[in-house]
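> Got a sequence here, can you model it:
(2 chains)
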There are 2 protein chains.
Amino acid sequence: MKVTLHRGTFIQELQTVQRAISSKTTIPILTGVKIQLSNQGLTLTGSNADISIETFLSVHDEKANMQIEQTGAIVLQARFFSEIVRRLPEETFTLEVIENNQVLITSGKASFTVNGLDADNYPHLPVVETNQQLTIPVEIVNQLINETVFAVSQHESRPILTGVHMTLKNNQLVAVATDSHRLSQRTIPLESQSDQINIVIPGKSLTELSRSLGENEEQLEMSIMENQVLFETETMKFYSRLLEGTYPDTNRLIPTSFNTEIEFSVPALLAAIERASLLSHEGRNNIVKLSISDEDVVLYGNSPEVGKVEESLNYEKVSGDPLEISFNPDYMKAALRAFGDTTIAIKFISAIRPFTLEPTEGEANFIQLITPVRTN
Amino acid sequence: MKVTLHRGTFIQELQTVQRAISSKTTIPILTGVKIQLSNQGLTLTGSNADISIETFLSVHDEKANMQIEQTGAIVLQARFFSEIVRRLPEETFTLEVIENNQVLITSGKASFTVNGLDADNYPHLPVVETNQQLTIPVEIVNQLINETVFAVSQHESRPILTGVHMTLKNNQLVAVATDSHRLSQRTIPLESQSDQINIVIPGKSLTELSRSLGENEEQLEMSIMENQVLFETETMKFYSRLLEGTYPDTNRLIPTSFNTEIEFSVPALLAAIERASLLSHEGRNNIVKLSISDEDVVLYGNSPEVGKVEESLNYEKVSGDPLEISFNPDYMKAALRAFGDTTIAIKFISAIRPFTLEPTEGEANFIQLITPVRTN
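Residues are numbered from 1 along each chain as shown, chains lettered A, B, ... in the order given. Here you go, the predicted model:
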């Protein structure tokens, strides 16, 4: 294998596959990046127990300015190799496999010789054999991920809840995540291209997927296999394992009739919650209290050890019964951040029943649920 | 105590004194910031075992827009208080001590009540009674610090070496730091305003001092007391303890005659050293080798476990005997960074004797010393 190419372009590809490479793996070859050179271009692969990423840099890519002298393959320790490439002196560099899996990396007057590993020993990625395929705009995928993934469980006690549940039925793609204290669900109309879909993708995989998607990508091809899912763009393949088991039926959790409704501007409410949570974080119980009365709407925080906070809230509209309800401000903050700069309606049944948050515009395609904290 | 003032201006002052406040202290009141309001303005104080910082915000400062209703003093837990002030909704805020050392913090509709501590229990800062005083431009102080402080020892085995030795004699201010493997010394001509000075200031204090100096400050007044030094600007007093003990005589360490001399552009040499150190960091011995021969000047790194690097170096000028010398690249990197974008001369006696680095222009006012590593 011998190739000369543009260093900056190569570093970008390497960065993408490095998202899948951990230095803490127990399988030594997986700390490496697999580099494969064909006459068509350069393929990089990184992999861990959860995800695998493969990128392809075409010989026709002008930025890459690739001169292929001899095809071949090698595996190089990824972190170390990437540090070397980053620090090379010239705009281009040459990568050459010499004897005994040793690799010569040269640029200007600098010349590194590093030990590589035989690429034949690198694990094979799954082969896609499925008719379950979807095409989704990248923008929509990023939105789905950002609106749901924060609500997955961080605990392995119920592994299925560490994933986002995705279903496709009647031309509706539904993504839902819950850690049993709060829930976030986004529905997107999608012209049916596939059979019914029902999978649970690890939240961490989706976070990495979102980070790996370039700004220039427009469409994502999603292929579902036995226990894997593949997201594919023109230049990248992103594989994730799927979570096994049955996701709980979340539909029955979402209430449909309410006794109190109030509308807020999200940034204003978020700022007030952030202030109140400063105090609740210092105390033993991380809770704040919202009081809706005929006179006003007030947010309270109280931690006897450090002090208390109270703030009369600006709101857009309020209706229904007076209410005092306590909740974890961190769940509220995460929920509000997912809405962005918009107006939402919060709907309550009572102080002990979960309440919902929805944009005031958008026809219930995005709904969040938070369970209150009982204080007596 | 009751005052209303501009939030952003107050936050800046608070940030400065927070440099001296640790949340890990065993003296609870020192986790707090002391706030003192007189008719002249607001004084903030923060302190730990090593340094104390006091800032003063004048009632005449227009940015501060200060309205004093009642003078007084209080101590508030610094980290928590600063988070609250940062998140308040309006441009200004009001601070009022109510009963039992409780403090009311209000801004717009938000209102915090937090528990404070009696300011009378806050330790007193040292009183300055000295005739050992110097006035130094802030720019010079920052330069002195940046050029020496990196070379202090990080180990408490010889505490005196964790400080920078500053002496004033014959109108020459000399700052020197060494960890016994390398040394950095800067000399600055300074019109004698004081008796002979001979103190050792903790490196950490100097780093914090440098960070605390605003861009608008021009002069720094330095007062030396029994076991403290005070650096004073118009709006800030910065106290540091001094290290006790006798600093070793470093003058005799600096050689004056050499057998090999070579000149480099600092950025070019630094980039090459950084590349070579990538490899040395992976191996067991963190060393690189410089070879100066009649043909060329080459830098080598070799770590049998991972690989090797070699790079023919560009240099400005070379003279004297051929030489092969090994050294820790991290010492060289730190030394080169302190020089900045200039040209330096490196002068050697032999492979086992310390070598010096000096700017090619500047008449020996700045000199560094690195001890090589014996490889056989």
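> CA atoms for contacts and neighbours, from now on please.
Will do.
> For the helix or strand harbouring A:Ser111, which helices and strands make contact with it?
In the assignment (DSSP states H and E), A:Ser111 maps to strand A:110-115. Other helices and strands packing on strand A:110-115, by 3 or more Cα pairs under 8 Å, 6 or more residues apart in numbering or on different chains; DSSP states H and E, are strand A:102-107, strand B:307-312.
> Chain B contacts on the stretch 51-200 of chain A?
Residues of the stretch 51-200 of chain A that fall close to chain B, judged by Cα under 8 Å from any Cα of the partner chain: A:80, A:83-84, A:87-89, A:109-115.
> And those residues, which two are furthest apart?
A:Pro89 and A:Asn115 (21.0 Å; Cα to Cα).
> How many residues are close by the residue nearest to A:Gly203 when sequence neighbours are not counted?
Spatially, and ignoring its direct neighbours in sequence, A:Gly203 is nearest to A:Gly163 (4.7 Å; Cα to Cα, 6 or more residues apart in numbering or on different chains). A count of nearby residues for A:Gly163, using other Cα atoms under 10 Å in any protein chain shown, gives 29.
> one step back: include mean pLDDT and distance to A:Glu263 when you put the helices and strands packed on strand A:110-115 into JSON lines, please.
As requested, the helices and strands packed on strand A:110-115 are exported to JSON lines (pLDDT from 0 to 100; distance: least, Cα to Cα, whole Å):
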{"stretch": "strand A:102-107", "mean pLDDT": "97", "distance to A:Glu263": "61"}
{"stretch": "strand B:307-312", "mean pLDDT": "95", "distance to A:Glu263": "64"}
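> so can I have JSON lines of these showing distance to A:Glu282 and mean neighbour count?
Compiled in JSON lines, those are given as follows (distance: least, Cα to Cα, whole Å; neighbours: other Cα atoms under 10 Å in any protein chain shown):
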{"stretch": "strand A:102-107", "distance to A:Glu282": "53", "mean neighbour count": "21"}
{"stretch": "strand B:307-312", "distance to A:Glu282": "51", "mean neighbour count": "21"}
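> export the ones you listed to CSV and tack on distance to A:Asp249?
Output for those, formatted as CSV (distance: least, Cα to Cα, whole Å):
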stretch, distance to A:Asp249
strand A:102-107, 53
strand B:307-312, 55
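> Do me a favour and get the end-to-end distance for stretch A:72-86?
End-to-end distance for stretch A:72-86: 23 Å, by Cα to Cα, to the nearest Å.
> For chain A, name the helix or strand with the lowest mean pLDDT.
When each helix and strand of chain A is scored by mean pLDDT, DSSP states H and E, strand A:133-137 comes last, with a mean of 90.
> quick one: strands adjacent to that one?
strand A:219-224 (antiparallel) (DSSP bridges).
> tell me the angle of the helix or strand following the partner strand relative to strand A:133-137?
Using DSSP H and E, the helix or strand that directly follows strand A:219-224 along the chain is strand A:228-232. Relative orientation of strand A:228-232 versus strand A:133-137 (axes from the mean of the first three to the mean of the last three Cα atoms, to 10 degrees): 40 degrees.
> Residues touching strand A:228-232, excluding its own?
With Cα atoms under 8 Å, 6 or more residues apart in numbering or on different chains as the test, strand A:228-232 has contacts from A:Val128, A:Leu220, A:Glu221, A:Met222, A:Ser223, A:Ile224, A:Lys237, A:Phe238, A:Tyr239, A:Ser240, A:Arg241, A:Leu242.
> helices or strands up against the next helix or strand after it?
Sequence-wise, the next helix or strand downstream of strand A:228-232 (DSSP H and E) is strand A:236-241. Here strand A:236-241 touches strand A:51-58, strand A:197-202, strand A:228-232, going by 3+ Cα pairs under 8 Å, 6+ apart.
> swap the cut-off to 10 Å and go again
Contacts defined by 3 or more Cα pairs under 10 Å, 6 or more residues apart in numbering or on different chains; DSSP states H and E place strand A:236-241 against helix A:7-18, strand A:41-47, strand A:51-58, strand A:197-202, helix A:203-212, strand A:219-224, strand A:228-232.
> in the next helix-or-strand element following the third one, what's buried?
When you say that, I think you mean strand A:51-58. For strand A:51-58, the following helix or strand on the C-terminal side (DSSP H and E) is strand A:67-70. Using 16 or more other Cα atoms under 10 Å in any protein chain shown as the burial criterion, the residues of strand A:67-70 that qualify are A:Ile68.
> can you check stretch A:367-376 too?
By 16+ other Cα under 10 Å, the buried positions in stretch A:367-376 come out as A:Ile367, A:Gln368, A:Leu369, A:Ile370, A:Thr371, A:Pro372, A:Val373.
> Please apply the same query to stretch A:14-33.
Within stretch A:14-33, the residues scored as buried using 16+ other Cα under 10 Å are A:14, A:16-22, A:29-33.
> one step back: may I have the phi/psi pair for the residue nearest to A:Gly203?
In terms of degrees, to the nearest 10, the main-chain angles of A:Gly163 are phi -110, psi 170.
> Please identify which of the contacts of strand A:228-232 is nearest to B:Val75.
The closest of these to B:Val75 turns out to be A:Ser240 (Cα to Cα; 53.4 Å).
> Can you report how many residues lie near the closest one?
25.
> thinking it is in contact with A:Glu54, fair?
No: the criterion here is Cα atoms under 10 Å, and A:Ser240 misses it with A:Glu54 at 11.8 Å.
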